[in-house]
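**Student:** Fold the following, please.
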Amino acid sequence: MSANRRVENITAHLAGHSTSGAGPKPARAPKSPDDVVIVSALRSALTKGGKGAFNETHPEYILSQVLKATISQTGIDPKIVKDIQVGNVLMPGAGVTTARMAALYAGFPESTSACAVNRQCSSGLATCGNIASAIKAGYMDCGIGAGVESMTMYYGPQAMPSNLSEEILDYGPAADVLIPMGTTSENVAAEFGVTRKEQDEFAFRSHSLAAKAQKEGLFKEEIVPIKIADGKMVEIDDGIRATTLEKLSSLRTVFKKDGTTTAGNASQVTDGAAAVLLMKRSLAEKLGLQVQARWLGYVNVGVPPRIMGIGPAFAIPAVLEQVGLNISDIGVWEINEAFASQAVYCVKHLGIDVNKVNPKGGAIAFGHPMGATGARQIATLLPELRRKKERYGVISMCVGNFIFIFKR
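**Tutor:** Residues are numbered from 1 along each chain as shown. Alright, predicted model coming up:
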């Protein structure tokens, strides 16, 4: 089956999942005490894997400092947080043991449970979705969705399964799951006609916007300064670098001799953590906490593994239908830049105004600590919604395809 035919099948499948029913859809519904709201979204600086500021700092320590700042900046009693879920991709067991250690070290009581989630690159967004869903269902009033990754310490072949069933490997769609991410980027570019020029131009935009935002101090609000073992304070994204379109265009391809994906138009290997505090609106008001945004909805959608990066092109229409909005309603889009190929395709396919996409740059510029990026995107999006005086924002990931939509 051709890639285009598979895409058509996915679209048809999603069209049958409308959430229409009695009453207004979430985006048009009035405020309610039962709304799920975000009162804090913070992250560490993102540092270059292997040679950045966190290259000798353990992930549980980075996470603990972001969790600790969540307590100190909001002034909450830690015991009101019923569950902390932490996204992680590379550590054994998704880092569940060290996630619990980080939570306890940060000051949360033993009564606050913890778990780890691995939904690949969207793990940090999946944790927020799980917490939001539990609050919406009435199972708890308050929780934290978080994520952490040390690609310095855990990135490499050891993170991939090695002893696999031959019978499963003989089934093509299952074997496709093992295709390297860089190869999926090349597949997207080839099958949907995304040129090297388009990718380099998108990457140059990301690098330029991130450098500009850093110079203007636009990341300071979302970053928790962290003191590391040598006494230095880590508080800036050290992967951001000045470049030119000419330099990006001159880089050799990495995954395919005659391909289009380079180190300059793909996301960086990165270390970092992020945490998002969600609760019921009634609890936030009772505690006198400022609501940063209302969580409206989410959806996750599977796509063919060999072109996994196209997920946002199909999950975004589904979530907009779910909450009752159109593409034109969205003021800020955070679409993760795993690779320029998939980001360019998704933006073009949906007809999104690129000027609204990642206005402070994205993962191509400052990195993609896989388990943390989803939660990091929330920390980046919310200040930008406020700064631009926009009401609605969307977050999307290339793989796992978790989509959130927020109302400020």
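
**Student:** can you pull the contacts of V148?
**Tutor:** V148 is in contact with 59-60, 62-63, 86-88, 95, 99, 102, 272-274, 369, 371-372, counting by CB atoms under 8 Å, 6 or more residues apart in numbering. From N, CA and C alone the C-beta is placed, and that goes for glycine too.

**Student:** ok so it is a helix residue?
**Tutor:** No: counting by DSSP: H, G, I helix; E, B strand; the rest coil, V148 is not found in a helix; it is strand.

**Student:** how much space is there between it and P26?
**Tutor:** When distance is defined by CB to CB, to the nearest Å, V148 is 30 Å away from P26.

**Student:** Same check on T57?
**Tutor:** Between T57 and P26 the distance is 39 Å, computed by CB to CB.

**Student:** quick revisit: neighbour-wise, which of the contacts of V148 leads?
**Tutor:** G371 (39 neighbours; other CB atoms under 10 Å).

**Student:** what packs against the helix ranked longest in the chain?
**Tutor:** Longest helix in the chain, counting residues (DSSP state H): helix 196-215. Judged by 3 or more CB pairs under 8 Å, 6 or more residues apart in numbering; DSSP states H and E, helix 196-215 is in contact with helix 245-250, helix 340-350, helix 363-366.

**Student:** Okay, angle between it and helix 340-350 too, please.
**Tutor:** 100 degrees (axes from the mean of the first three to the mean of the last three CA atoms, to 10 degrees).

**Student:** Following element in sequence after helix 196-215, please.
**Tutor:** Using DSSP states H and E, the next helix or strand after helix 196-215 towards the C-terminus is strand 226-227.

**Student:** by contact count, what packs against the following helix or strand past that next one?
**Tutor:** Using DSSP H and E, the helix or strand that follows strand 226-227 in sequence is strand 233-234. Applying 3+ CB pairs under 8 Å, 6+ apart, we find strand 233-234 packed against strand 226-227.

**Student:** Show me how far the strand it packs on is from its chain's centre.
**Tutor:** 23 Å (CA atoms, centre = their mean, to the nearest Å).

**Student:** ok, the residue nearest to A293 when sequence neighbours are not counted - contacts?
**Tutor:** Spatial nearest neighbour of A293, excluding adjacent residues (CB to CB, 6 or more residues apart in numbering): F406 at 4.2 Å. By CB under 8 Å, 6+ apart, F406 lies in contact with 38, 293-296, 378, 381-382, 385, 392-395.

**Student:** wait, which of those residues is closest to A134?
**Tutor:** Distance to A134 across those (CB to CB) is lowest for W295, with 11.9 Å.

**Student:** returning to what we had before: you'd agree the residue nearest to A293 is in a strand?
**Tutor:** Yes: per three-state DSSP, F406 lies within a strand segment.

**Student:** Bridging across strands, which residues link to it?
**Tutor:** According to DSSP bridges, the residues that bridge with F406 are W295, G393.

**Student:** Against R294, how distant is it?
**Tutor:** Separation of F406 from R294 (CB to CB): 7 Å.

**Student:** swap in F108?
**Tutor:** Taken as CB to CB, the span from F108 to R294 is 25 Å.

**Student:** so where do the strands sit in the stretch 301-408 of the chain?
**Tutor:** Counting by DSSP state E, counting those that start in this stretch, one finds strands in the stretch 301-408 of the chain at the ranges 332-335, 392-396, 403-407.

**Student:** Please enumerate residues in contact with stretch 199-218?
**Tutor:** Residues contacting stretch 199-218 (CB under 8 Å, 6+ apart): 189, 219, 236-237, 240-245, 248-249, 260-262, 264-265, 337, 339-341, 343-344, 354, 358-366, 383-384, 387.

**Student:** which stretches of the stretch 151-300 of the chain have low pLDDT?
**Tutor:** Low-confidence segments of the stretch 151-300 of the chain (pLDDT under 70): none present.

**Student:** Repeat the analysis, applying 90 as the threshold.
**Tutor:** Applying pLDDT under 90 to the stretch 151-300 of the chain flags the ranges 156-163, 180-181, 242, 257, 298-300.

**Student:** residues touching the nearest residue to D34 once chain neighbours are set aside, list them.
**Tutor:** Distance criterion CB to CB, 6+ apart; nearest residue to D34, sequence neighbours excluded, is K280 at 6.2 Å. By CB under 8 Å, 6+ apart, the contact list for K280 reads 33-37, 135, 141-142.

**Student:** just the buried members of those residues?
**Tutor:** Among the contacts of K280, those classed as buried by 16 or more other CB atoms under 10 Å are 35-37, 135, 141-142.

**Student:** Closest one of these to A313?
**Tutor:** Looking across the buried ones among the contacts of K280 and measuring by CB to CB, the closest to A313 is V36, at 26.3 Å.

**Student:** residues contacting the residue lying closest to that closest one once chain neighbours are set aside?
**Tutor:** Distances taken as CB to CB, 6+ apart put W295 closest to V36, at 4.3 Å, once the chain neighbours are dropped. Residues near W295 by CB under 8 Å, 6+ apart: 35-38, 132, 278, 404, 406.

**Student:** Q342 and T260: what is the separation?
**Tutor:** 12 Å.

**Student:** So which of these two has more stuff around it?
**Tutor:** Higher neighbour count among Q342 and T260: Q342, with 30 against 23, using other CB under 10 Å.

**Student:** so who does the more buried one touch?
**Tutor:** The contact partners of Q342, by CB under 8 Å, 6+ apart, come to 184-185, 188, 309-310, 312, 398.

**Student:** So which residues make contact with stretch 134-142?
**Tutor:** Looking at what lies outside stretch 134-142 - CB under 8 Å, 6+ apart - the contacts are 34, 36, 80-83, 143, 277-280, 282-283.
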